[in-house]
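Enquirer: need a structure here:
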Amino acid sequence: MSEMQSFIHSCFLGAASAINRSRKAGLTITSKARNDKATSADMASQKLIMSRIKREFPDSLILSEESPEAPSFDSDSLFVIDPIDGTHNFIQDIPLYGISIAHFSGGKPTAGGVYLIPQKKFLYAEKGKHSTMDGKKISVSKTKKLEDFFLLCDSRLHLIEEQGILPGVLALEKMSQHTRFIGAAVYEMGYVACGMVDAEFDFKLKPYDFAAGAFIAEQAGGVATDFEGRKWNLATKRFLVSNGRQHKRILGILNGNE
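Expert: All right, here's what the predicted structure looks like:
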């Protein structure tokens, strides 16, 4: 393991323990907005991760879901963390939630890790290296035909309607093999990276949702863009992440061009 990989892995193990302790102690749940909640476990995870970053990388800035701090995306050293992605799944005790930590320099990813807590799986990527899961190389699928694609879709159906792309989503659902909802970007992008699914699309993400997952998928041989086909960055909101075989066609369908 590189120094950064070892550091991120240790943060995950410590944060996962903090999350489990918080659940056993009884969760405190706060509603930030409609359908947007945080728990005492989110805060415990964030506190542990941020304290370790400040100790080991004192000159780095931190962007976290549960922190009001909003540093420049172009910082020389920026950690982007999601203390629990899939908080609603976590609250309901649905085993689809995890932690995300990514490091950026000058707006570009240099390292990213995802820890799928219930499954105890550690996905990781580093600049110039291939993505791994628990130290073993992972790659996107080789599925060629869209009719054989297994898709994951953003579970917030109201956004599909609001953005006017419901016809495109329905068209994709009809012509692909299957379409499923998970409700956690770390799984959606991680499963593309592992080759378990062929593509996933999200309609309104924030940096901590995708900072590690999109990078891991790319380093596993995948393609990650916005809905206009532009390369993603920390300001991107709408995502298509795929094995690359039908990327342009899927974008065309989502945008009503087919």
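Enquirer: next, count neighbours for the closest residue to Gly183 other than its chain neighbours.
Expert: What sits nearest to Gly183 in space, not counting adjacent residues and going by Cβ to Cβ, 6 or more residues apart in numbering, is Ser155, at 4.5 Å. C-beta here means a position set from N, CA and C on the backbone, and glycine is covered the same way. Counted with other Cβ atoms under 10 Å, the neighbours of Ser155 add up to 17.
Enquirer: confirm Ser155 sits in a helix?
Expert: No: Ser155 is assigned coil when assessed by DSSP: H, G, I helix; E, B strand; the rest coil, not a helix.
Enquirer: now do the contacts for it.
Expert: For Ser155, the contact set (Cβ atoms under 8 Å, 6 or more residues apart in numbering) comprises 181-183.
Enquirer: quick check: pLDDT value at it.
Expert: For Ser155, the pLDDT comes out at 87.
Enquirer: with Glu66 instead?
Expert: On the pLDDT scale, Glu66 gets 69.
Enquirer: which parts of the longest helix along the chain are buried?
Expert: Taking DSSP state H as the criterion, the chain has its longest helix at helix 3-25. Buried residues in helix 3-25, defined by neighbour count with 16 or more other Cβ atoms under 10 Å: 4-5, 7-9, 11-12, 15-16, 18-19, 22-23.
Enquirer: sorry, back to before: the contacts of Ser155 in helices, which ones?
Expert: Checked against DSSP H, those include nothing in helices.
Enquirer: I'd like the residues you listed written out as JSON lines, with distance to Thr87 added.
Expert: JSON lines is the format used below for the contacts of Ser155 (distance: Cβ to Cβ, whole Å):
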{"residue": "Phe181", "distance to Thr87": "16"}
{"residue": "Ile182", "distance to Thr87": "13"}
{"residue": "Gly183", "distance to Thr87": "9"}
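Enquirer: buried ones among the residues you listed?
Expert: Counted by 16+ other Cβ under 10 Å, those give 182-183 as buried.
Enquirer: mind listing the strands for this protein?
Expert: Taking DSSP state E as the test, the strands found in the chain are 29-33, 36-39, 61-64, 78-85, 98-105, 108-116, 121-126, 132-133, 136-137, 150-153, 178-181, 199-202, 223-225, 239-242.
Enquirer: out of the buried residues of helix 3-25, which one sits closest to Pro207?
Expert: Nearest to Pro207 out of the buried residues of helix 3-25 is Ile8 (Cβ to Cβ; 16.6 Å).
Enquirer: list the contacts for that closest one?
Expert: Counting by Cβ under 8 Å, 6+ apart, Ile8 has contacts 101, 111, 113, 124.
Enquirer: mind running it again at 6 Å?
Expert: 101, 113 (Cβ atoms under 6 Å, 6 or more residues apart in numbering).
Enquirer: separation between it and Arg245?
Expert: Using Cβ to Cβ, to the nearest Å, Ile8 is found at 30 Å from Arg245.
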